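S.K.: Sequence first, then the predicted structure:
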Amino acid sequence: MITKLLYRCPRCGGFDWLQDARCIHCHVSVALERRTRLAVAGRSAPIAEWYDRILAMELPVDRQGLIYKSDAVQLFKEVSRGRYVGPGGLTAVLYGRQFLETVSAALYTDRIELAGPTGTWTVTFNALLAVTIESNVIILVHRNLGALFLDFENDCGKKWEDGIRCALADYRLPEKIVEYFPRILTGAGLRRLPAPEFVRRLPRVPDGPPVPAKSHPLYALARLIVSAIVEKWLQVEFSGREHLPHRGPAILLGNHSSFLDAILLEAMTDRNIWFMAKNSEYRDRFMTWFMGLAKSFPVRRYTVDVQAVRNAIRVVQSGHILGIFPEGERNWDNRLLPFKRGTMRLVLALGVPIIPVGISGAYGLMPRWTHRIARVPVHVRFGAPVHIEPVPIAAQTEADITAVTKTLRQSIEALILPD
């Protein structure tokens, strides 16, 4: 499973390189010492260091500008599945994926071509709005084609995400891309282009009942069971829980390296924590019902989701704790990712106490490239509340956003223990 991340040999550069604990190209030995370290040809280093080597390698561009090609790619488009109605007026549109056809995908230096039985879909870089990945599925948002989902049957989706990002970065030079989702942003674009109206101001939240604080009995029971498992089976230590307020609104802001992060935080705190969850998690009636019980609400990560912002505001206005992972996704290599600009603007505008939390060891517990849980020591440390003077979104400057990002990032980094 490590090849989902390290799909290229960091020594010889060969693709799909790992087989029987050896590189199939240069035959060096490969040993996963633990989930955070890898030894290649006897040299041990953190996985992050090997991943950096791979990202620093040049893309394999041929004379026609072709970088990668892959057959047997299932192509889906986004479709609406109706509305989600949660407790206290939390609402959202639920989205699903409709299969279109099986295509071959080709990545070029300026576009992606998807050739299938009905013709060719051309995803041009100049109209590409966002790119991200869920599991092995690449999500592309195009100005004309909408949201497309590429499910690779015989190839590595992570290789394609990195390849697309590198090709996009070269295509946009001399501008520097600072975010690839929920929309592609460049440093020059931030200075030159005004934010859309729905980003410049907090969306108005309609009047409605407050979001309830009491848990459903079934969820309360499930929470007790999970907390017992965490305490008795998993090696998880908690400290600083006294910093969580007993009442009133707050934002819990933490690093995100494991699928289990939100579960650990929710199971081992006295108050309910409301998290945003991927819209795709609400895939059927049971999951939609359960996710509502679990104090969550949907968000589309690959677009600016105004309804998710409204729901977040409603949670805070109702006096609850809103849980946010400011990286926007789980990291791949046990390093803190850049914080999402939109998240920082929302946090700055809400003006409630911010509780930083550092989760150490969870990458080894269940990193993004595997679904298997390993019993390793995990430390969850809550910090003292950070109080930031609120600034309305319409009045926020680049200096405001930079300052709050620096403050909160340093607060979380100080709580993360060294590996």
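M.R.: Structure received.
S.K.: And H379, its phi and psi?
M.R.: phi -120, psi 130 (degrees, to the nearest 10).
S.K.: and it, what is it in contact with?
M.R.: H379 is in contact with 236-237, 239, 358-361, 417, counting by C-beta atoms under 8 Å, 6 or more residues apart in numbering. Yep, even glycine has a C-beta here, placed from its N, CA and C like the rest.
S.K.: Skipping its backbone neighbours, what lies nearest it in space?
M.R.: S360 (4.4 Å; C-beta to C-beta, 6 or more residues apart in numbering).
S.K.: I'd like the mean pLDDT over the helix or strand hosting V103, please.
M.R.: Using DSSP states H and E, V103 sits in strand 91-108. Averaging pLDDT along strand 91-108 yields 96.
S.K.: Could you list every helix and strand that that strand packs against?
M.R.: Secondary-structure packing of strand 91-108 (3 or more C-beta pairs under 8 Å, 6 or more residues apart in numbering; DSSP states H and E): strand 66-85, strand 111-116, strand 146-152, helix 157-172, strand 296-299, helix 306-317.
S.K.: For A130, which of those is the nearest?
M.R.: Of all those, strand 146-152 sits nearest to A130, with 8.4 Å by C-beta to C-beta.
S.K.: Run through the neighbouring helices and strands of that closest one.
M.R.: Using 3+ C-beta pairs under 8 Å, 6+ apart: strand 146-152 touches strand 66-85, strand 91-108, strand 137-142, helix 157-172.
S.K.: What residues sit buried inside the longest one?
M.R.: If I follow you right, that is strand 66-85. By neighbour count on 16 or more other C-beta atoms under 10 Å, the buried set for strand 66-85 is 67-68, 70, 73-76, 78, 81, 84.
S.K.: cool, and the last one?
M.R.: Within helix 157-172, the residues scored as buried using 16+ other C-beta under 10 Å are 157-168, 171-172.
S.K.: How much space separates F325 from D170?
M.R.: 29 Å (C-beta to C-beta, to the nearest Å).
S.K.: Show me the contact partners of stretch 85-101.
M.R.: 74-84, 116-118, 149, 206, 208-212, 279-280, 282-283, 288, 292, 297-300, 307-308, 311, 314-315, 318.
S.K.: quick revisit: tell me which of the buried residues of helix 157-172 is nearest to M1?
M.R.: K158 (11.0 Å).
S.K.: The closest one against I133, yeah?
M.R.: Yes. Using C-beta atoms under 8 Å, K158 is in contact with I133, at 6.5 Å.
S.K.: Name the helix or strand of the protein that has the lowest mean pLDDT.
M.R.: helix 197-200 (a mean of 46; mean pLDDT, DSSP states H and E).
S.K.: sorry, back to before: check contacts around the residue nearest to H379.
M.R.: 378-381, 416-417, 419.
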